[in-house]
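J.: model the structure of this input:
(2 chains)
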Amino acid sequence: MHPVAEKIQQAFPEAFRQAVEWRGDLAVQVAREHLHAVCRYLHDDPGMDYDYIVHVSSVDWPDQPERFEVVYEFYSIRRRARIRVKARVPEDDCVVDSMTDIWKGADFMEREVYDMMGIRFRNHPNLVRILMPDDYPEGFPLRKDFPVRGKGWRDTFPFLGEKTI
Amino acid sequence: MKHPLEDQRTTVYKVDPEHPESPSLPTLRTEEMMLNMGPQHPSTHGVLKVVLALEGERIVKAIPVLGFLHRGVEKLAEDGTYQQFIPHTDRLDYICAMYNNFAYCRAVEKLMDMKLPPRAEYLRTIVAEVQRIIGHLFWLGTQALDIGAMTVFFYTFRDREILLDFFDELCGARLTTSWYRIGGVERDFTPDLIEKLRRFVDYFPPKIDEYVTFLETNRIWLARTKGVAVISAEDAINFGLSGPTLRGSGVDYDLRKFEPYAAYGECEWSVPVGKNGDTYDRYWIRIEEMRESLKMVRQLLAKLPDGPVMASVPSVTLPPKDKVFNDLASMIQQFKLFSLGFPAPKGEIYCGTEAAKGELGFYIVSNGEGKPYRLKIRAPSFIHMGAFDYMARGYMIADIVTIFGTYDIVMGECDR
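T.: This is a model prediction of the structure:
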């Protein structure tokens, strides 16, 4: 196993789920209750020093019991190392702790994840939609049950017919 | 003489809460004013609205309202094959389309674990650096124009036009290029293009000095950029800023050096790093980066290797265009790739590329099918907007244009 993943496992034995190294990327999956603590450790520990937040993302797996996956990616400028930390969230309670108190940049990134996937972040200062309109009523566009086409005003035109080119 | 409105001015006597009995000096009523800037404003370079809370002329709070240009590119990616997404990337940062193609193709190549022929890598690097010069020229012209220095704009656009014509000859389009392919590039340079590029490399350095003279002898421009939009190195890292915006604060974070890709490891160049973290330092970095880009282009042109410009992995890469209509196997390959796509192995990758504006990254999750299961774009402009409120507080309202300009923001990329 990757030494960083090993360290995380030693520090948080109850949180650690699995570590995957593929194409040179290290991805560590942790339990969501401990996600904030693990990230705090990754940021503060001098041996880790992941000071740069790269992106926050989310993946939807509708067939799996824990439907959503929240993905954080960090970079250590001093060590030139990258890590991806993931946590699974079930659909009926899709909440994780916000990282805005560790990385200020997480503010907008988490808002985007909320806007697109509907995952809520506890203790986020301003968790409202960011790219979609504030009063958008039709759910969260990046979920797999949201259709790519065929939803909206355009479908009410009868002359467009069934054939689309 | 008495001013006609003097009697109507509201004069409020404030009572000091700690000494309610003592009369305090009369003060004018002040209150926070909300002001909408945009969505149609020339300096926002697209459609961006900012709600400003002002106290007099000071900015108390600046809330960016994004999403006017949101087209759901990430959702569209899940609906098409990997090849089909390349033209969509052009429309992200439409000033630097080549860089988006580059970043996306690199990400897919990392997913497919492909190796490229050296000539393809060289051509990619040369075109990417030319695109960087175009991006910085555009930034330089418009940033100065926004502040009020109009002249530079005409000069930078004159030189940008030469490079856009170069792109036109290379791939038939000036802005939405789609020249990069997964596994290589669409077509090779002609000898004529190489000659043109050589001539440009000799022509351009005095022009950079010209822009510098225009701006650095302009006291107004200097006063409006020095010490404006300052952010410390610690904060810049914490916000996830990248590119010249981060390097202006003195952090030498450059993925081209940190994780050398394409042909960046094969030429001599350096990363310009600022000190003060203000707009002027970022301007200086962009000027120096243009010089460094020229250096790279000159070196890479001198040792451009021969060979194919496309990797030959029949299950992934496209066949040469001239073979498609004459050779049965190539035709089948072309047809299969465009109708079904190629199945990518199960897994997920993140691949970041140092674009002109910052780190442009693609996070791709594949479930083994011909389409990306999830594709996330790490757009530098979006992340820079996250720091906007923090950087704008306390400045005058006139500085807001400089603070926009300092990021080199493009809303197509920000809203995706």
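
J.: ramachandran angles for the residue nearest the centre of chain A?
T.: Among the residues of chain A, the one closest to the centroid is residue A:70, at 2.7 Å (Cα atoms, centre = their mean). Per-residue torsions, residue A:70: phi -100, psi 130 (degrees, to the nearest 10).

J.: mind listing what it touches?
T.: A:32, A:35, A:56, A:57, A:58, A:86, A:87, A:89, A:96, A:113, A:119 (Cβ atoms under 8 Å, 6 or more residues apart in numbering or on different chains). Bear in mind the C-beta positions are built from the backbone N, C-alpha and C, glycine included.

J.: and it, how close does it get to residue B:208?
T.: 45 Å (Cβ to Cβ, to the nearest Å).

J.: repeat for residue B:175
T.: Taking Cβ to Cβ, one finds residue B:175 at 23 Å from residue B:208.

J.: return the subset of the contacts of residue A:70 lying in strands.
T.: Using DSSP state E, the subset of the contacts of residue A:70 located in strands is A:56, A:57, A:58, A:86, A:87, A:89, A:96.

J.: for those, which one is nearest chain B?
T.: Proximity to chain B was ranked across the ones in strands among the contacts of residue A:70 by Cβ to the nearest Cβ; first place goes to residue A:57, at 4.2 Å.

J.: and chain A, which residues reach chain B?
T.: Counting by Cβ under 8 Å from any Cβ of the partner chain, chain A comes close to chain B at A:22-23, A:25, A:27, A:51-55, A:57, A:59-60, A:71, A:73, A:77, A:80, A:82, A:84, A:103-105, A:107-109, A:112, A:116, A:129-133, A:141-142, A:146, A:148-149.

J.: and stretch B:356-369, which residues are buried?
T.: Using 16 or more other Cβ atoms under 10 Å in any protein chain shown as the burial criterion, the residues of stretch B:356-369 that qualify are B:356, B:357, B:358, B:359, B:360, B:361, B:362, B:363, B:364, B:365, B:366, B:367.

J.: so the second one touches residue B:132, yeah?
T.: No - shown here, residue B:357 and residue B:132 do not form a contact pair, counting by Cβ atoms under 8 Å, at 9.8 Å.

J.: give me the common contacts of those two.
T.: With Cβ under 8 Å, 6+ apart, residue B:357 and residue B:132 have common neighbours residue B:96.

J.: picking that back up, now for the contacts of residue A:70: which two are most distant?
T.: Pairwise distances across those peak at 15.1 Å for A:32 and A:57 (criterion: Cβ to Cβ).

J.: look at the two and report which has more neighbours.
T.: Per other Cβ atoms under 10 Å in any protein chain shown, whichever of residue A:32 and residue A:57 has more neighbours is residue A:57, with 28 against 23.

J.: partners of that one in the sheet?
T.: When bridges are called by DSSP bridges, residue A:57 pairs up with residue A:71.

J.: from residue A:50, how far out is it?
T.: Using Cβ to Cβ, one obtains 16 Å as the distance from residue A:57 to residue A:50.

J.: and the helices in chain A?
T.: Secondary structure of chain A (DSSP state H): helices located at A:3-11, A:35-44, A:106-117.

J.: CA atoms only for the last one - export them in PDB, please.
T.: Just to be clear, that refers to helix A:106-117. What follows is helix A:106-117 as a C-alpha-only set of coordinates in PDB (Å, rounded to 0.1, in the frame of the first residue of the first chain):
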ATOM      1  CA  ALA A 106     -13.900  24.700  -0.700                       C
ATOM      2  CA  ASP A 107     -16.800  27.200  -0.400                       C
ATOM      3  CA  PHE A 108     -17.600  27.600  -4.100                       C
ATOM      4  CA  MET A 109     -16.600  24.000  -5.000                       C
ATOM      5  CA  GLU A 110     -19.000  22.600  -2.400                       C
ATOM      6  CA  ARG A 111     -21.700  24.900  -3.500                       C
ATOM      7  CA  GLU A 112     -21.300  23.500  -7.000                       C
ATOM      8  CA  VAL A 113     -21.600  19.900  -5.700                       C
ATOM      9  CA  TYR A 114     -24.700  20.800  -3.800                       C
ATOM     10  CA  ASP A 115     -26.200  22.500  -6.900                       C
ATOM     11  CA  MET A 116     -25.400  19.700  -9.300                       C
ATOM     12  CA  MET A 117     -25.800  16.600  -7.100                       C
END
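
J.: and that helix, what does it pack onto?
T.: Helix A:106-117 is packed against strand A:52-60, strand A:68-76, strand A:120-122, helix B:380-386, with contacts defined by 3 or more Cβ pairs under 8 Å, 6 or more residues apart in numbering or on different chains; DSSP states H and E.

J.: and the first one, what's its mean pLDDT?
T.: Going back to what we said before, that points to strand A:52-60. Mean pLDDT, computed over strand A:52-60, is 91.

J.: can you give me the angle it makes with helix A:106-117?
T.: With axes from the mean of the first three to the mean of the last three Cα atoms, to 10 degrees defining the directions, strand A:52-60 sits at 10 degrees from helix A:106-117.
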